[in-house]
Structures are given as C-alpha cells and as structure tokens.
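# Predicted model and sequence below, questions to follow.
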Amino acid sequence: MRPMVTSSRTAVIALLIAVEIAIAGMVVYAVTGSHGMGASGGASPWKFGMGGSQIAFKPVPIAAIAAGNVPTIRIDDPDSTVTVDTSSDGKVHVQDTTSVQGMVWSGGTIPQLRVVRTADGVSITRPAYSDSLGTIVFGGIDGEIHVDVPPGSRLWILHCSAAEINGIQNDVDVASQDGHVSLAAIRGNVNASSDDGHIDARDVRGDRIAISSGDGHLSLTDISASSLEAKTTDGRIDAQNLTIAGSTPHLLLHSDDGSVVASGAFAAHGAYEISSLDGSITLTLAPGSNAAVDATTDDGSVTIDGARYEGDDATQHSARVGDASSTMLVRSNDGSIHITTNEAQ
C-alpha cells in the first residue's frame, strides 16, 4: 500500500503546483493584459476551461440627440455610475466609458447601452449584468456613463450603482442600489435614495425634497424647500444652512443610528421634527425662525442657549422662539440635545 500512498501524494503535489502556476499566470495577465506572453511579444489571448475567458467590451459611440429644451430623460443602468451634467448645445449627449481591467472568469457579456428617442425625451437603458459574469475576478469592471442634457430636462434615474447630478433646473428622481448620490445646483423637486451609500446635496432649491439612505450618512448644505425630509437607517445627518418656508413648511430629519447636526431658518406655521434613535442632536435656529421647541431625551441632557437640564430618567425642556407659531419636536432616545435659538444671538 505504501507505493499507492506515495503516488497519491505525488499527484496532489502536482495538482497544487499546476493550480499555483495557473493563478500566477492569471495575475500576470491582470497586470500585463494580453501582451508579453507570446514568444514574439504579440497578443496571446487566454482561454480557460469551464467556460472561463477574458471579457472584452468596447462601447459603441452614440450620436447626440435633439429632444427639445424640456425633455424627460429616463436612465436605467443598475451596474453603472451615472454622471449627469448640462449640455451647451441643447442636445442630449451619451457617452459609455465602461471598461474592463484584468481578467474576469466568466462566460457572460456586458450589454451595450440602448439609447432611444421617445415621445417626450430620451430613454437610456442597459439590463443588469454583474450577477452573470462569474465570481472570480483579477481586476474589475468599471461601469460608468456620462450624460449631458439640456438644463431644463426632467431627470429620472430608475436604477444605478451611484450617481452625480449637476445643474438640472427641473425635477430629479434618482435611486442608487449600491453607491453614493451627489446633487449640486438643482432647481426643482428632488427624490433621491440609496440602498447602500451616502448622499450629498448642495445648493438645492425645490418645493419638495426627499432624501433617504438605507446605510449611509446624509450631508445637506444650502437647501431651500417648503418640505424637506431626510432619513437614514444607519448614519449621521449634517444639515447646514437650511431654509424651510412656505404656507405650511415641513421638516423631518431622522437617523435610526447616528447623530444629527442642523442649522437654518424655520418659518412660521410649520411642523418640524428632528430625531435620532441613537445619537446626539445639535440644532441652531437662525434669526427669523418661529417655533415652540419641545426637546426630550431618554438618556442624556438638554441644553438650550447655554442652560443645561438633566434628570435621573428622561429629560424634557421647552423654549419659545419668535412668535412660536410652529411646532418643533426634538427627540433622542439615547443622546444629549444642544439647542441655540436666535433669541440668544
């Protein structure tokens, strides 16, 4: 039986050496691409067993589309980062810059973008493909598209892996499945969400603004709205220089797990709520704010204009700001509350 054991051991060692050589070869390929492995230094495309091969993708050029000054732009590309800017010629320009780096062991393919002129604008779509490309990757796939549109476009991004949107002077709806969302210089209603990523909004003016993340912090700067709702399941909220005004102004800032820092002007006859299930709250009311403030924490202190209040159990304190015609509820289940009112400035 001893020779059989030796033979089996030799076979195992040979197999391990073969596997190591194959892995080393694929790493070299990832670094050098398809060149440098042939005897003459030319291209040597590799093919592997079990249906594995390098994925080659070359985006097809897309011609500019005239769709009017106020087109509806629909984008649905779950595996790509989408960047949207304004065009200088009033047309819709679409550029697919998706690239493959290294070796992906797969029998799948990356579909081309489908860009179609519709009755009210332009449709830009690509079916999800990442789950069909296998699980062994040396390198990666960078899915990315750039879209330039007329400033007055109505933008609707149904699915993407991340989004950066700049300068749109109309309503924006965007949903990211796995990545951040960035909004800048928007003039219109906004509905932005990310299942797993932070959201950054700067210089946004609209009647209704709704921002939510399933797992990520929210950063809001220079936001003006009649209604603003910003919620995250896991992350902090930093909301600076807010202006909430209108006939019935409304604000909701809420984190399930994270601190909330907010500052701004809050108009009369509104309903405002700032809360965290697990985190501190810091609030600064700018001159011109009007609210009856009700602050409560289940575990921590309440400080209003430098005066600190703390009890053995929950702590509650209230303050009147301006004409106190708005309600402002400030709640933390586990964290201290610090409020500075314009009466102290």
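Structure received.
# Next SSE downstream of the worst-scoring helix or strand of the chain on mean pLDDT?
The weakest-scoring helix or strand in the chain, judged by mean pLDDT, DSSP states H and E, is helix 2-32 (a mean of 50). Per DSSP states H and E, the first helix or strand lying C-terminal to helix 2-32 is strand 72-76.
# and whatever helix or strand comes next after that following strand, what does it pack onto?
Counting by DSSP H and E, the next helix or strand C-terminal to strand 72-76 is strand 81-86. With contacts defined as 3 or more CB pairs under 8 Å, 6 or more residues apart in numbering; DSSP states H and E, strand 81-86 has these neighbours: strand 72-76, strand 144-149, strand 154-159, strand 162-166. C-beta here means a position set from N, CA and C on the backbone, and glycine is covered the same way.
# same thing but at 10 Å, please
strand 72-76, strand 144-149, strand 154-159, strand 162-166, strand 172-176, strand 181-187 (3 or more CB pairs under 10 Å, 6 or more residues apart in numbering; DSSP states H and E).
# Return the set of buried residues in the first one.
Neighbour-count burial for strand 72-76 flags Thr72, Ile73, Arg74, Ile75, Asp76 (criterion: 16 or more other CB atoms under 10 Å).
# in the sheet, who's paired with the fourth one?
Note on Ile75: beta-bridge partners Ile124, Ile157, judged by DSSP bridges.
# wait, what's in contact with it?
Each residue near Ile75 by CB atoms under 10 Å, 6 or more residues apart in numbering is listed here: 82, 84, 94, 113, 115, 122-126, 145, 147, 149, 155-160, 163, 174.
# hmm, try it at 7 Å
By CB atoms under 7 Å, 6 or more residues apart in numbering, Ile75 lies in contact with Val82, Ile124, Val147, Ile157, Leu158, Cys160.
# Pull the most distant pair out of those.
Spatially, the most separated pair among these is Val147 and Leu158, at 13.6 Å (CB to CB).
# Look at those two and report which has more neighbours.
Higher neighbour count among Val147 and Leu158: Val147, with 24 against 13, using other CB atoms under 10 Å.
# Verify the stated contact: the more buried one with Thr81.
No - in this structure, Val147 is not within contact of Thr81 by CB atoms under 7 Å, at 11.4 Å.
# For burial, what's the neighbour tally of Trp187?
Rather than Trp, residue 187 is Arg. Using other CB under 10 Å, Arg187 is surrounded by 18 other residues.
# Give me the nearest residue to it, chain neighbours excluded.
Spatial nearest neighbour of Arg187, chain neighbours left out: Gln169 (4.5 Å); criterion: CB to CB, 6 or more residues apart in numbering.
# Any stretches of the stretch 1-150 of the chain with poor pLDDT?
Within the stretch 1-150 of the chain, the ranges that satisfy pLDDT under 70 run 1-55, 102-108, 131-139.
# give me that answer again for 80
The model of the stretch 1-150 of the chain has pLDDT under 80 over residues 1-56, 101-109, 129-140.
# That'll do, ta.
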